[in-house]
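[1] give me a 3D structure for the following:
(one chain, ligands or ions: 1)
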Amino acid sequence: VQSSIPEPQREAWTKFAPQRFAKAEDFQRDAVRHVETSLARSMYNCDEAAMYAGTALAFRDRLVMDWNKTQQAHTFADQKRIYYLSLEFLMGRALDNAMLNVQQKDVAAEGLSGLGFRMEDIIEQEHDAALGNGGLGRLAACFLDSLATLNYPAWGYGLRYRYGIFKQEIVDGYQVEVPDYWLDFNPWEFARHDVTVDIQFYGHVDKWQDENGKTKCSWEGGEIVKAVAFDVPVPGYGTSTTNNLRLWGSKAASGEFDFQKFNSGEYESSVADQQRAETISAVLYPNDNLERGKELRLKQQYFWCAASLSDIVRRFKKTGRAWKEFSSQTAIQLNDTHPTLAIPELQRILIDIEGLEWDEAWSIVHQTFAYTNHTVLPEALEKWSVGLMQHLLPRHLQIIYEINLQFLQYVERTFPKDRDLLGRVSIIEESNPKMVRMAFLAVIGSHKVNGVAELHSDLVKTTILKDFVKVYGPDKFTNVTNGITPRRWLHQANPRLSALIASKLGGYDFLKDLTLLNKIEAHVDDAEFRKEWQAIKLANKERLARHVHETTGITLNPKALFDIQVKRIHEYKRQQLNIFGCIHRYLAIKAMSAEEKKKVVPRVTIFGGKAAPGYWMAKTVIHLINKVGDVINNDPEVGDLLKVVFIEDYNVSKAEFLVPASDISEHISTAGTEASGTSNMKFVLNGGLIIGTCDGANIEITREIGENNIFLFGNLSEDVEELRHNHVFGTYQLNESLAKVFDQIQNGKFGDASQFSALVNAIVDHGDFYLVSDDFESYCQTQDLIDESYKNVDEWTTKSITSVARMGFFSSDRCIDEYAEVIWNIEPVAPTKTDFAVDLA
Ligand code: 9GP
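    Model (predicted):
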């Protein structure tokens with residue numbers, strides 16, 4: 001195609017295509033042009049929002065050049081691609097990331113300043129793309145960054161929710177949910193009105209014999225909804241590779257609205273179809289680690305899986321290859337069980353539409369898919385009732401039954417003496433109503449299954465999928481410990497620390513190979529380096545203190561020990577343990593003499609995180625935190641010795657300034673419950689130490705950075721079951737210090753005690769499932785140890801530097817290389833040379 005374009009045309013094209021900004025003026029020209037022409041604004045009414053738009057569009061123009069070329073190069077290379085199917089992509093803001101990844105932020109900052117704007121203010125104008133709940137969605141976003149940076153031919157597929165995760169407001173200490181209108185202005189997406197797929201729901205299955213007497217099935221009738229593609233460019237760091245994230249939006253298949261109804265005066269019902277169809281991609285379910293079998297959620301899942309597969313299959317068919325090559329050209333990763341319907345959908349396409357035999361199709365399906373498990377919590381494992389599936393997806397249910405039948409026949413042949421095994425591994429749970437177990441379908445339809453940290457992957461094999469290890473053997477199961485992108489979580493969030501590291505390592509290569517960080521350990525005794533290290537932490541704490549003051553009126557002492565726990569609010573994550581610990585500390589301070597108080601290390605405890613709107617206990621925890629804060633922060637006897645702050649509406653962009661400001665962060669889940677955790681990695685990478693349980697990736701962090709550099713406490717996962725059993729059947733003794741904390745709550749010290757009774761009763765009367773009481777003593781003792789350690793500034797700084805130096809393993813680049821080699825079997829494609837991106841590799 002390229003050589004068929006005549007030279008003069010090609011020359012003109014190249015001459016006028018957007019170029020890299022050689023100087024600040026080039027950026028200004030484009031930004032001003034966009035403000036004037038794309039926004040129809042002028043110098044006199046260009047506010048920060050307008051200048052953000054001008055800046056974003058100026059950068060977008062250039063990103064698109066690399067994006068187009070990358071797509072052409074990947075088509076031309078015709079190599080195996082990876083498709084990452086995730087119902088959540090928690091991307092956060094795009095502008096800062098784009099400027100840094102193409103290494104033009106300094107030019108833009110200079111240009112903006114010349115136009116009378118500050119870079120920080122412009123960046124602040126952008127809405128977060130909050131299409132996710134927590135760790136799972138943010139992991140998908142980090143993976144996209146790494147895939148592009150490492151030049152892998154990869155696409156993300158997700159849903160374009162009109163409303164992302166709700167905005168959280170705190171009113172009188174309670175969480176209130178407000179809609180997130182993030183699409184009001186979003187320059188980062190391209191609507192592809194020409195890329196649409198018709199998606200079918202409901203209907204029935206017709207069965208007939210073809211001319212050769214073979215039984216054929218087809219799915220008929222029902223309702224059609226249109227999927228429209230919206231594409232988002234994902235630029236790699238220091239490479240021209242810019243991959244695509246394709247998000248599907250839903251529309252009525254029959255056009256805008258029913259003209260006949262409109263003409264006969266039925267104005268409202270004329271748009272009803274449209275509204276019903278658009279509902280599918282309207283909202284993100286705001287549940288983290290919790291599934292409820294709602295029909296709309298199943299519709300979302302099928303809509304997105306079917307649209308994505310149709311797109312993938314169409315792209316494959318354009319290559320003209322035979323079907324048997326599909327799985328050597330295509331890898332599809334299922335991010336959790338949410339996209340599991342893609343398995344029966346591909347089988348359906350191959351047998352019902354493309355006419356393949358069942359066995360040939362199944363072998364393609366099985367070789368194509370791999371599944372990542374992100375939780376062993378029973379309440380998070382997806383199940384759909386057979387009745388709902390029959391109603392919504394009748395053909396898929398038939399296919400699932402056939403997959404199950406063949407699988408169970410295999411199990412029966414292999415383990416003829418183990419009758420119970422059949423019931424335990426069946427995709428269909430024989431409950432009332434019968435349920436389809438999606439994790440089992442994902443395992444059976446995939447060639448590899450992975451967990452996300454070593455302990456978690458072991459637990460997967462010994463608990464929820466134990467019987468499948470027996471059936472398939474251990475090789476099908478593997479571990480890929482999670483990681484984070486150092487571009488966003490160090491370079492973007494903490495530019496001064498990144499610059500300090502670069503000054504010692506002779507450049508920013510560590511952002512592409514994080515293991516190079518180990519070289520800063522050689523500078524651990526360098527006095528100047530240590531001074532700057534400490535100054536950076538203090539500056540980050542001052543910035544956070546300013547934010548807290550502006551938003552809550554609370555004044556923080558930046559020299560205090562900043563202790564941060566930010567993540568979704570969940571009983572298993574145990575924010576309740578932290579707030580009970582704060583009350584315990586408060587009581588201790590209140591009992592101190594003036595002399596004793598002088599020895600106390602002042603502490604600021606910061607919480608942040610959303611509760612699922614229907615999760616009452618989590619909302620109670622938020623309420624308690626705010627009420628405890630009100631009392632402590634206004635107690636003159638306590639003063640600066642303790643402050644308790646709740647940061648409203650925790651999201652990716654808030655994480656970017658919270659993470660660099662911590663001295664200690666809390667990762668204190670009941671052992672065996674947190675699959676991995678990824679914020680633990682972010683905090684340590686920014687020089688904060690952590691207090692944590694032996695859970696998820698904390699264990700591997702300890703192995704990498706050394707036991708002396710982490711504060712571990714609490715019971716181990718192997719003891720959890722027995723402790724729980726003892727709570728119910730043995731003699732249960734509430735921890736004494738915790739009992740005193742509860743006395744204060746019940747006496748109304750923090751307001752109406754009845755508001756918090758469920759929280760207290762869960763521990764006192766209902767078996768303390770999360771072992772708060774069992775771990776309380778060791779938690780408080782460890783907090784005391786932290787205070788002691790913090791007093792020794794030198795020792796603390798050494799721990800901080802050493803830990804950062806040893807965090808190389810936790811880059812998401814390492815994860816992606818592991819997935820590429822062990823699971824996907826894909827190779828990078830050499831990036832194209834473009835005028836815009838600087839190719840470091
Ligand atoms: O709860 C896990 C969290 O520990 C992990 O870091 C994250 C990414 O792997 O996934 C979370 N799981 C879910 O959100 C639901 O399975």
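
[2] please count neighbours and contacts with C-alpha atoms only from this point.
    OK.

[3] dump the residue contacts of residue 27.
    21, 58, 107, 108, 111 (CA atoms under 8 Å, 6 or more residues apart in numbering).

[4] make it 7 Å
    Residues near residue 27 by CA atoms under 7 Å, 6 or more residues apart in numbering: 21, 108, 111.

[5] for the closest residue to the last one other than its chain neighbours, give me its contacts.
    Take residue 111 and drop its neighbours on the chain: the residue closest to it by CA to CA, 6 or more residues apart in numbering is residue 24, 4.5 Å away. Contacts here follow CA under 7 Å, 6+ apart; on that basis residue 24 touches 107, 108, 110, 111.

[6] ok, the third one to residue 496 distance?
    In this case it means residue 110. 18 Å (CA to CA, to the nearest Å).

[7] get me the contact residues on the stretch 351-500 of the chain for the ligand.
    Contact residues, the stretch 351-500 of the chain versus the ligand (CA under 6 Å from any ligand atom): 374, 375, 452.

[8] for the stretch 151-300 of the chain, which residue gets nearest to the ligand?
    residue 289 (4.3 Å; CA to the nearest ligand atom).

[9] give me the beta-bridge partners of residue 205?
    Legend: beta-bridge partners of residue 205 under DSSP bridges are residue 219.

[10] my guess is it meets residue 219, correct?
    Yes: contact between residue 205 and residue 219 holds when scored by CA atoms under 7 Å: they sit 4.5 Å apart.

[11] where do the contact lists of those two overlap?
    Residues touching both residue 205 and residue 219 (CA under 7 Å, 6+ apart) are residue 395.

[12] quick one, strands of the stretch 1-150 of the chain?
    With DSSP state E, counting those that start in this stretch as the criterion, the stretch 1-150 of the chain has strands at 81-85, 89-92, 129-131.

[13] do the stretch 701-841 of the chain as well
    Under DSSP E, counting those that start in this stretch, the stretch 701-841 of the chain gives strands at 711-712.

[14] try the stretch 401-550 of the chain
    Secondary structure of the stretch 401-550 of the chain, counting by DSSP E, counting those that start in this stretch: strands at 428-429, 435-437, 448-451, 477-479.

[15] list the buried residues of the longest one.
    So the one you mean is strand 448-451. If you call a residue buried by 16 or more other CA atoms under 10 Å, then strand 448-451 has these buried ones: 448, 449, 450, 451.

[16] against residue 823, how distant is the first one?
    Think residue 448. 7 Å.

[17] also residue 96?
    According to CA to CA, residue 96 stands 32 Å off from residue 823.

[18] neighbour count winner among these two?
    Neighbours per residue, other CA atoms under 10 Å: of residue 96 and residue 823, the larger number sits with residue 823, 24 against 20.

[19] which residues are in contact with the more buried one?
    Shown in contact with residue 823 (CA under 7 Å, 6+ apart): residue 448.

[20] how near is it to the ligand?
    According to CA to the nearest ligand atom, to the nearest Å, residue 823 and the ligand sit 16 Å apart.

[21] repeat for residue 704
    For residue 704, the distance to the ligand equals 18 Å [CA to the nearest ligand atom].

[22] surely that residue and residue 806 touch.
    Yes: judged on CA under 7 Å, residue 704 makes contact with residue 806 at a distance of 6.0 Å.

[23] more neighbours: these two, which one.
    residue 806 (24 against 17).

[24] bridging across strands, which residues link to residue 451?
    In beta-bridge terms (that is, DSSP bridges), residue 451 pairs with residue 479.

[25] contact partners for it?
    372, 373, 374, 457, 478, 479, 480.

[26] same thing but 6 Å
    372, 373, 457, 479 (CA atoms under 6 Å, 6 or more residues apart in numbering).

[27] among those residues, name the ones in helices.
    Using DSSP state H, the members of these that fall in helices are residue 457.

[28] save the contacts of residue 451 as JSON lines, and put in pLDDT and neighbour count too.
    Putting those into JSON lines (pLDDT from 0 to 100; neighbours: other CA atoms under 10 Å) gives the following:
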{"residue": "372", "pLDDT": "98", "neighbour count": "23"}
{"residue": "373", "pLDDT": "98", "neighbour count": "22"}
{"residue": "457", "pLDDT": "98", "neighbour count": "25"}
{"residue": "479", "pLDDT": "98", "neighbour count": "21"}
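
[29] for the contacts of residue 451, which one is nearest residue 668?
    Taking CA to CA as the measure, residue 668 lies nearest residue 457 of the contacts of residue 451, at 19.2 Å.

[30] for that closest one, give its distance to residue 481.
    Relative to residue 481, and taking CA to CA, residue 457 is found at 9 Å.

[31] most tightly surrounded among the strands of the stretch 1-150 of the chain?
    strand 129-131 (a mean of 26; mean count of other CA atoms under 10 Å).

[32] just want the angle from the lengthiest helix in the chain to strand 81-85.
    If you go by DSSP H, the chain has its longest helix at helix 48-77. With axes from the mean of the first three to the mean of the last three CA atoms, to 10 degrees defining the directions, helix 48-77 sits at 140 degrees from strand 81-85.

[33] in helix 48-77, what's buried?
    Per 16+ other CA under 10 Å, helix 48-77 contains these buried residues: 48-60, 62-67, 69-71, 73-74.

[34] up against the ligand, what does the stretch 1-150 of the chain have?
    Applying CA under 6 Å from any ligand atom, one finds that the stretch 1-150 of the chain approaches the ligand through 135, 136, 139.

[35] tell me, how many residues neighbour the residue nearest to the last one when sequence neighbours are not counted?
    Read it as residue 139. Leaving aside its chain neighbours, residue 139 sits nearest to residue 484 (7.1 Å; criterion: CA to CA, 6+ apart). When neighbours are defined as other CA under 10 Å, residue 484 has 28 of them.

[36] isn't residue 484 right up against residue 813?
    No: in this structure, residue 484 is not within contact of residue 813 by CA atoms under 6 Å, at 8.0 Å.

[37] returning to what we had before: which one's more surrounded, residue 205 and residue 219?
    Neighbour count, other CA under 10 Å: between residue 205 and residue 219, residue 219 has more, with 19 against 15.

[38] now do the same for the more buried one: its pLDDT.
    Reading off the confidence values, residue 219 has pLDDT 98.

[39] touching stretch 287-294 from outside, list them.
    133, 379, 380, 382, 384, 612.
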